[in-house]
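> 3D, please:
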Amino acid sequence: LDGNWYEIDKDYLDEIETKIKNIPEYNSTLIDMEIGKREEDYNEALSLHLNAANLDQDFIQIEGRSKFEFCDVFTKSKDIMHVKKYSGAASISHLLYQAHVSGSMFANDSEVREELAKKTTIKKLQFQTKVNPPAFKTSDYKIILIISAKKKEKLNKLLSFFCKISMAHKYRVLKNMGFE
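Residues are numbered from 1 along each chain as shown. Prediction:
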């Protein structure tokens, strides 16, 4: 094959693999995404299963800023869930970027939390003080990434090496913000 080839240092490879293996798995029961089912349908079914807020495609818009999706599902126990069907590196990159941006906005901007508390589904479930408490602490929240793949595999088997590097980095960034 033509082109440049690069060799990954064994110690660096082991370090990244260890970081990925040390990312905790979600303990609560999720539902499986049926093959051929759309993400939107899964998010609706998951929110009903967990008695949680479905915020999929329910964008937050603050004047003068770009709109963004906070998460797909938000639970009573303050789990911020982002869902993505695995279709390669691009889908994982999008998932990680969404978690990072929304986590950062949520952690650092009270206006985002105020807007989130106004969402119909948040009000319906009486989650206003869960998304915008009087004493906000990021450590009260968990960011959960749900990756639906055709085969049930551990992250270290599913992801490409460069996705693993990104995942390890975003995990550290979100942990440094205080998220669980």
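> correct me, but residue 99 touches residue 81?
No: at 9.7 Å, residue 99 does not count as touching residue 81 under the criterion of CB atoms under 8 Å. For glycine as for every other residue, the C-beta is placed from the backbone atoms N, C-alpha and C.
> list the buried residues of the helix or strand of the chain with the lowest mean pLDDT.
One helix or strand of the chain scores below all others by mean pLDDT, DSSP states H and E: helix 155-158, with a mean of 82. Applying a neighbour-count criterion of 16 or more other CB atoms under 10 Å, the buried positions in helix 155-158 are 155, 158.
> show me where pLDDT drops low in this protein?
For the chain, the stretches flagged by pLDDT under 70 are 1.
> what helices or strands is the least confident helix or strand of the chain leaning on?
Packing contacts for helix 155-158, counted by 3 or more CB pairs under 8 Å, 6 or more residues apart in numbering; DSSP states H and E, involve helix 10-21, helix 161-177.
> how about residue 84, secondary structure?
Three-state call for residue 84 (DSSP: H, G, I helix; E, B strand; the rest coil): strand.
> give me the phi and psi for the closest residue to it other than its chain neighbours.
In space, residue 84 comes closest to residue 95 once its chain neighbours are excluded; the distance is 4.1 Å by CB to CB, 6 or more residues apart in numbering. Per-residue torsions, residue 95: phi -60, psi -50 (degrees, to the nearest 10).
> thought residue 95 was touching residue 147?
Yes: the pair residue 95 / residue 147 is scored as a contact, 6.9 Å apart, by CB under 8 Å.
> list the contacts of the residue nearest to residue 84.
Each residue near residue 95 by CB atoms under 8 Å, 6 or more residues apart in numbering is listed here: 82, 84, 145, 147.
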